[in-house]
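Undergrad: Next input, structure requested:
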Amino acid sequence: MKQVCVLGNGQLGRMLRQAGEPLGIAVWPVGLEADPDAVPFQQSTITAEIERWPETALTRELARHPAFVNRDVFPIIADRLTQKQLFDRLGLATAPWQLLADKAEWPGVFEMLGELAIVKRRTGGYDGRGQWRLRENETGQLPDECYGECIVEQGINFSGEVSLVGARSRDGATVFYPLTHNLHQEGILRMSVAFPQADARQQAQAEEMLSAIMHELEYVGVMAMECFITPAGLLINELAPRVHNSGHWTQNGASISQFELHLRAITGLPLPPPVVSAPSVMVNLIGTDLNYDWLRLPLVHLHWYDKEVRPGRKVGHLNLSDCDTGRLSATLEALIPLLPPEYASGIVWAQAKLD
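TA: Down below sits the predicted model:
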C-alpha cells in the first residue's frame, strides 16, 4: 500500500485522505506540531496542504526528506515577491507591480500604477487578509511594518475571475480541468461555476501559462492559478501549489477529483485527463451552521469539514452538478431560504452564469 503524509491537517488534508481510501493509498494529514516519531514519514511520499509553515521538530525533519514533493517550490510561490518575479521571468501576463519598500515611494507608485493600488503582504495573507485597496489620500492606513514586507499592484478593471486547476506528473505530462468562474466577496471565494467546455481562447491561454510555470519549477501534483479576465486576455493574479478551493466542484462534477488527481501525480499513478460531462456549481459555506435540510434537494452534495463555526471561517461546501442547467438553477433557487441572506447575491450570480 502506498502512503502519503500531508503537512497540515485542515480540510484539504482531510479531503486528500478521503480521496486516497478508494485508491488504496493511506493518507496521513499531520499537524505542524506533531511528534516526528509518531508520523510515518520515512515510508511515505510527502506533500502539503499549505504554502508556508513555521519551523518545528516535524518540519525540520521533513525539510531534509527526499520524498517531500515540491519541497523547494513552496518558498517561491509562498512569497508574492518571488512569485511575481517568476511570472516576469517567464513573460507571463500579470498586473503591473513593484516591491513597496518605503513611504517615499508612494508618488512614484501612483504615477506608474494609476489611481488604485492593491497592497499585499508578501507572505501569509489569504482570503482577503493582509491586503489593502488604497488611493493617494489613503496611504496612511497602511501599517508602518508593511514597508519592505509588501508588494503593490495596479488595481485591475476586470470583468470576471477564473481559475485553472491542473496537474503535472513526474515525466512532465500535464492535464487540466475546464476553467472555473469564481465569485469573491470581501476577499473570500463564495461561489464557483464550471462548464464542460470553457471559452476556448481563455482555456488555451490559461493552460499555456500554467504549463510554463509547472515545467519551469519541475512541479509535480495539482496546482491552481487564479486569473482576471480583461479585454487584453487573462492576467495571472495568484498561484496555489496545492489543491484549491475553486476546484472543490470536481469532487462531484468530474471523473477524477482534484484530490485524487494530486495523489495520482505524486505517487506515480496514471494521470488521464479528467472527464467533465455536466455544469457544476460549488457553494462555499463560510461561518454557516450545518443544516441537513440542504440534503432535501437531490442535486446537493454536502462536504462538511467538522470545524468550529466562526465568522469568516470556511466550514464546508455544497456541490451541485447536472446536465440540465434549468434544474441546476432551480435547485440553487431552492437553497436561498436554507442559507443566510448574504448567500442570495452569489446564487443569483451563479444562476446568471448558467443562463
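Undergrad: got the contact list for residue 141?
TA: 132, 134 (Cβ atoms under 8 Å, 6 or more residues apart in numbering). In short, each C-beta sits where N, CA and C put it, glycine included.
Undergrad: That one and residue 315, how far apart?
TA: 30 Å (Cβ to Cβ, to the nearest Å).
Undergrad: Then residue 96?
TA: Distance from residue 96 to residue 315, by Cβ to Cβ: 37 Å.
Undergrad: Looking at the two now, which is surrounded by more residues?
TA: residue 315 (19 against 12; other Cβ atoms under 10 Å).
Undergrad: which outside residues touch the helix or strand where the more buried one lies?
TA: Using DSSP states H and E, residue 315 sits within strand 314-321. Strand 314-321 is contacted from outside by 11, 127, 188, 245, 248-249, 251-253, 278-288, 290, 294, 299-305, 307, 309, 328, 331-332, 335, using Cβ under 8 Å, 6+ apart.
Undergrad: Sort out which residues of the helix or strand of the chain with the lowest mean pLDDT are buried, please.
TA: For the chain, counting by mean pLDDT, DSSP states H and E, helix 57-63 ranks last in confidence among helices and strands (a mean of 87). Using 16 or more other Cβ atoms under 10 Å as the burial criterion, the residues of helix 57-63 that qualify are 58-59, 61-62.
Undergrad: Same question for stretch 47-54.
TA: 47-51, 53.
Undergrad: and if you look at stretch 148-163?
TA: Judged by neighbour count using 16+ other Cβ under 10 Å, the buried positions of stretch 148-163 are 149-156, 158, 161-163.
Undergrad: residue contacts, the closest residue to residue 236 other than its chain neighbours?
TA: With Cβ to Cβ, 6 or more residues apart in numbering as the measure, residue 94 is the residue that lies nearest to residue 236, at 4.6 Å, once sequence neighbours are left out. Taking Cβ under 8 Å, 6+ apart, we find residue 94 in contact with 84, 87-88, 235-237.
Undergrad: which of those count as buried?
TA: 84, 87, 235-237.
Undergrad: tell me the two of those that are most distant?
TA: 84 and 235 (11.8 Å; Cβ to Cβ).
Undergrad: follow-up on the earlier one: quick one: which two of the contacts of residue 94 are the most distant?
TA: 88 and 237 (14.6 Å).
Undergrad: In space, not sequence, find me the middle residue of this protein.
TA: Nearest to the mean C-alpha position of the chain, by Cα atoms, centre = their mean, lies residue 244 at 3.2 Å.
Undergrad: so who does that one touch?
TA: 163, 165, 222, 224, 258.
Undergrad: related to what we said a few turns ago, could the buried ones among the contacts of residue 94 be laid out in a markdown table, adding pLDDT, secondary structure and distance to residue 339?
TA: Output for the buried ones among the contacts of residue 94, formatted as a markdown table (pLDDT from 0 to 100; DSSP: H, G, I helix; E, B strand; the rest coil; distance: Cβ to Cβ, whole Å):
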| residue | pLDDT | secondary structure | distance to residue 339 |
| --- | --- | --- | --- |
| 84 | 97 | helix | 37 |
| 87 | 98 | helix | 37 |
| 235 | 98 | strand | 32 |
| 236 | 98 | strand | 32 |
| 237 | 96 | strand | 27 |
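Undergrad: So which of those residues is the closest to residue 75?
TA: Closest to residue 75, out of all of those and judged by Cβ to Cβ, is residue 84, at 14.2 Å.
Undergrad: does the closest one really touch residue 97, like I thought?
TA: Yes. Counting by Cβ atoms under 8 Å, residue 97 is a contact partner of residue 84 at 5.4 Å.
Undergrad: Count the residues that sit near residue 340.
TA: Neighbours of residue 340 (other Cβ under 10 Å): 12.
Undergrad: Need the nearest residue in space to it, chain neighbours excluded.
TA: Leaving aside its chain neighbours, residue 340 sits nearest to residue 288 (6.0 Å; criterion: Cβ to Cβ, 6+ apart).
Undergrad: repeat for residue 285
TA: Nearest one to residue 285, counting by Cβ to Cβ, 6+ apart, is residue 316 at 4.1 Å.
Undergrad: returning to that earlier point: and the buried residues of stretch 148-163, which of them are in helices?
TA: Using DSSP state H, no member of the buried residues of stretch 148-163 sits in helices.
Undergrad: Pull the most distant pair out of those residues.
TA: Every pair of the buried residues of stretch 148-163 checked by Cβ to Cβ; the farthest is 149 and 162, at 29.0 Å.
Undergrad: helices and strands around the least confident helix or strand of the chain, which ones?
TA: In this structure, helix 57-63 packs against strand 2-7, with contacts taken as 3 or more Cβ pairs under 8 Å, 6 or more residues apart in numbering; DSSP states H and E.
Undergrad: and the very next helix or strand once past the strand it packs on, which residues are buried?
TA: Following strand 2-7 in sequence order, the next helix or strand is helix 11-20 (DSSP H and E). Of all the residues in helix 11-20, those buried under the rule 16+ other Cβ under 10 Å are 11-17, 19-20.
Undergrad: what do you get for stretch 170-177?
TA: In stretch 170-177, residues buried by neighbour count (16+ other Cβ under 10 Å) are 174-177.
Undergrad: Kindly report the same for stretch 266-274.
TA: Residues 266-267, 271, 273-274 are the ones in stretch 266-274 that count as buried (16+ other Cβ under 10 Å).
Undergrad: again with stretch 231-242
TA: Neighbour counts over stretch 231-242 (16+ other Cβ under 10 Å) mark 234-242 as buried.
Undergrad: Could you do stretch 109-118 as well?
TA: Neighbour counts using 16+ other Cβ under 10 Å place 109-110, 113, 116-118 of stretch 109-118 among the buried residues.
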